[in-house]
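**Student:** please work out how this folds:
(chains A and B)
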Amino acid sequence: MINTILRNIIRFIVLVLVQVLVIKNIELGIFINPFIYVLFILLLPFETPKWMLLLIGLFLGLTIDMFYDTMGMHATACVFMSFLRPSVLNWFSPREGYEYGMHPTIQYLGIPWFLSYSAILVFSHHLILFFVEIFRFSETPSTLLRVLISSLFTLLLIVVSQFLFNRKKEEE
Amino acid sequence: MRNLFLFIWRNYFIFLFFILESLCIYLVVQNNYYQHASFLNSSNQFAASILETSANIKEYFYLKDVNEKLAKENAELRGKLFVSFAVTTNNTRTINDTSYHQKYTFTSAKVVNNSTNRRNNYLTLDKGWKHGIKNNMAVFTSSGVVGQVKDVSENFCTVMSLLNSKTTISSKIKKDGSYGPLSWDEGDSFNTATLHDIPTHVRLAAGDTIVTSAYSLTFPENIMIGTVEKFERKSGQYFYTVKVKLSTDFKKLSHVFVVNNIMKDEQEELEKKSESDTKNNQ
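**Tutor:** Below is the predicted model of the structure:
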């Protein structure tokens, strides 16, 4: 239990640092803005209480907002994403349900499951984020394009990072 | 009642979600100038059309005032014409045209939204980056200082009014040049402001003129701010705190000028450079 909490805290710090120190500085134009930090919410254990999920989302969003100087925008998107997570998990649950001790990762549930699960959540996060950022509907087509392309990049980064850092656990 | 609580308890997740989400949106709107502007002011297209119409109508009522002001300004400008100098004095003839560089350019704009009764007041003008407006440009009318551009969209810009807790304007007393920061403090109404840090050896009198000083990067020198209403020295301090009666009538604003300081970047760069040089030498 304490091990899980510690691991999540470290993951939180690492992901936030990667986001604000590395990815923030890589400027690939306005259409490609990956936000890999949402991986933190994706990887939270299945047993996380729902209310805690929302508060964690809020906290994560506000932390990112502090570095991006966009008070509240990332928080809005993260809270929305945390809100969707339980329903999405329900949707994709295997026939016999999730087993105790499982984690929502590629290693436990396979690539197709992980991809569809994270694609929906990442897309919804980016959708809210970019629309709150632009704050009007008159540029909807270009905003949607931004959402789509950025989501794809975020997903790519997430999957790559999963393969890079989670293999160790299997060997243990 | 019990059922209500039960209902809320059963659906606490959704309620909590809505509470947190509204908190987030509140934060967004409060802390980001663009969203603030489009949420409360006139970049929001629906509100813009209404406000613009109402500004158009309001304009008619001020036509007489505006005309008078324009006529006065015309007369004043005519007085400054090169021709009118050349006739009366010999000195002006020696002035060579090339010795002047244009430092400021002016854009006129119409006020489409304005507030005077909040602690932090903003105005919205009908000129945006399409017309060359940038952040931090100074805004004034022929009667005095108005504020500073805070945020710019395509066709509109929001201006942090002088009537804002965050405003400070470097100003001076016209007759002897002693200067201090002017701010809009608690207890100031829509037609007064407070000038701080005027040393006590200055001989102040009610009615003295306060203008902008040359130390400001945004405002040109000698733009009217107001007149001294009263001044006091708090015990133990060596400075006067001066209550200034503003010359601009913020309740009647309709046409304003936006000032672009062409040499601002050059000056800023130079100052930054010498600052960092001193730091490096230490």
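**Student:** please make it C-alpha for all contacts and neighbour counts, starting now.
**Tutor:** Noted.
**Student:** in what helix or strand does B:Ser170 lie?
**Tutor:** Taking DSSP states H and E as the definition, B:Ser170 sits inside strand B:168-173.
**Student:** could you give me the average pLDDT of the next helix or strand after that strand?
**Tutor:** Heading C-terminal from strand B:168-173, the first helix or strand you meet, by DSSP H and E, is strand B:179-183. For strand B:179-183, mean pLDDT is 90.
**Student:** what sits up against strand B:179-183?
**Tutor:** Applying C-alpha atoms under 8 Å, 6 or more residues apart in numbering or on different chains, the external contacts of strand B:179-183 come out as B:162, B:165-173, B:193-198, B:213.
**Student:** again, but for stretch B:208-215
**Tutor:** Against stretch B:208-215 from outside (C-alpha under 8 Å, 6+ apart): B:169-175, B:179, B:219-228, B:244.
**Student:** of these, grab the buried ones for PyMOL.
**Tutor:** A single PyMOL command is used to select the members of the contacts of stretch B:208-215 judged buried by 16 or more other C-alpha atoms under 10 Å in any protein chain shown:
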select buried, chain B and resi 169+170+171+172+173+174+179+219+220+221+222+223+224+225+226+227+228+244
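**Student:** list buried residues within the contacts of strand B:179-183.
**Tutor:** B:162, B:165, B:167-173, B:193-198, B:213.
**Student:** farthest-apart pair in these, please.
**Tutor:** Within these, B:Ser165 and B:Ile173 form the most distant pair, 22.0 Å apart (C-alpha to C-alpha).
**Student:** tell me what angle the strand holding B:Ser170 forms with strand B:179-183.
**Tutor:** Using axes from the mean of the first three to the mean of the last three C-alpha atoms, to 10 degrees, the direction of strand B:168-173 lies 140 degrees away from that of strand B:179-183.
**Student:** elements contacting strand B:168-173?
**Tutor:** When contacts are defined as 3 or more C-alpha pairs under 8 Å, 6 or more residues apart in numbering or on different chains; DSSP states H and E, strand B:168-173 packs onto strand B:179-183, strand B:209-212.
**Student:** roughly how far out does it sit from the chain middle?
**Tutor:** 12 Å (C-alpha atoms, centre = their mean, to the nearest Å).
**Student:** just stretch A:128-144 next, same as before
**Tutor:** Worked out by C-alpha atoms, centre = their mean, stretch A:128-144 lies 20 Å from the chain centre.
**Student:** let's see that stretch as CSV, backbone CA atoms only.
**Tutor:** What follows is stretch A:128-144 as a C-alpha-only set of coordinates in CSV (Å, rounded to 0.1, in the frame of the first residue of the first chain):
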residue,chain,number,x,y,z
ILE,A,128,-11.4,20.4,-23.0
LEU,A,129,-7.9,21.9,-22.6
PHE,A,130,-7.7,23.5,-26.1
PHE,A,131,-11.3,24.7,-26.1
VAL,A,132,-10.9,26.4,-22.7
GLU,A,133,-7.6,27.9,-24.0
ILE,A,134,-9.2,29.4,-27.1
PHE,A,135,-12.4,30.1,-25.3
ARG,A,136,-14.7,30.5,-28.3
PHE,A,137,-16.3,28.3,-30.9
SER,A,138,-15.5,30.4,-34.0
GLU,A,139,-12.2,28.5,-34.7
THR,A,140,-13.6,25.1,-34.1
PRO,A,141,-12.0,23.3,-37.1
SER,A,142,-8.5,24.4,-36.4
THR,A,143,-8.9,23.7,-32.7
LEU,A,144,-10.2,20.2,-33.4
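**Student:** what mean pLDDT would you report for it?
**Tutor:** On average, stretch A:128-144 scores 82.
**Student:** helix or strand right after the lowest-mean-pLDDT helix or strand in chain B?
**Tutor:** None of the helices or strands of chain B scores lower by mean pLDDT, DSSP states H and E than helix B:91-94, at a mean of 36. Remark: after helix B:91-94, the chain's next helix or strand is strand B:104-114, criterion DSSP H and E.
**Student:** just for the stretch 51-200 of chain B, where's the confidence low?
**Tutor:** B:51, B:75, B:78-102 (pLDDT under 70).
**Student:** going by proximity to chain A, name the top residue of it.
**Tutor:** The nearest approach of the stretch 51-200 of chain B to chain A comes at B:Ser153, 11.6 Å away (C-alpha to the nearest C-alpha).
**Student:** that residue against B:His131, yeah?
**Tutor:** No - when contacts are counted by C-alpha atoms under 8 Å, B:Ser153 is not listed as touching B:His131 (10.4 Å).
**Student:** give me the more crowded residue out of those two.
**Tutor:** Neighbours per residue, other C-alpha atoms under 10 Å in any protein chain shown: of B:Ser153 and B:His131, the larger number sits with B:Ser153, 18 against 13.
**Student:** could you measure from that one over to B:Gly132?
**Tutor:** Distance, B:Ser153 to B:Gly132, by C-alpha to C-alpha, to the nearest Å: 11 Å.
**Student:** same question, B:Thr141
**Tutor:** 18 Å.
**Student:** the residue most central in space within chain A: what's it in contact with?
**Tutor:** By C-alpha atoms, centre = their mean, chain A has its centre lying nearest to A:Val38, at 2.2 Å. With contact set as C-alpha under 8 Å, 6+ apart, A:Val38 has these partners: A:78, A:122.
**Student:** give me the pLDDT for it.
**Tutor:** 93.
**Student:** ok, the one 10 residues further on next?
**Tutor:** At A:Thr48 the predicted local distance difference test score is 88.
**Student:** against A:Val16, how distant is the residue nearest to the centre of chain A?
**Tutor:** According to C-alpha to C-alpha, A:Val38 stands 9 Å off from A:Val16.
**Student:** how about the CA coordinates for stretch B:219-236, as CSV?
**Tutor:** Extracted C-alpha coordinates of stretch B:219-236, given in CSV (Å, rounded to 0.1, in the frame of the first residue of the first chain):
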residue,chain,number,x,y,z
PHE,B,219,3.6,57.4,-21.3
PRO,B,220,5.0,60.5,-23.1
GLU,B,221,6.2,63.2,-20.8
ASN,B,222,3.9,66.0,-19.7
ILE,B,223,0.5,64.4,-20.2
MET,B,224,-2.0,65.9,-17.8
ILE,B,225,-3.1,63.7,-14.9
GLY,B,226,-4.9,66.2,-12.6
THR,B,227,-4.5,68.8,-10.0
VAL,B,228,-3.6,68.8,-6.3
GLU,B,229,-6.7,68.7,-4.2
LYS,B,230,-5.1,68.4,-0.8
PHE,B,231,-1.9,67.1,0.7
GLU,B,232,-0.8,65.8,4.1
ARG,B,233,2.3,64.6,5.9
LYS,B,234,1.8,61.7,8.2
SER,B,235,3.6,62.1,11.5
GLY,B,236,7.1,60.6,11.3
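**Student:** how many other residues sit next to B:Asn191?
**Tutor:** 17.
**Student:** that one against B:Lys243, yeah?
**Tutor:** No - contact criterion C-alpha under 8 Å: B:Asn191 and B:Lys243 do not qualify, at 10.4 Å.
**Student:** where exactly do the helices run in the chain?
**Tutor:** Unless you meant another one, I'm taking chain A. A:2-17, A:39-42, A:50-68, A:73-91, A:106-109, A:111-134, A:140-165, A:167-171 (DSSP state H).
**Student:** my bad, the chain I had in mind was chain B
**Tutor:** Using DSSP H, helices in chain B cover B:2-10, B:12-31, B:33-40, B:45-80, B:82-88, B:91-94, B:264-281.
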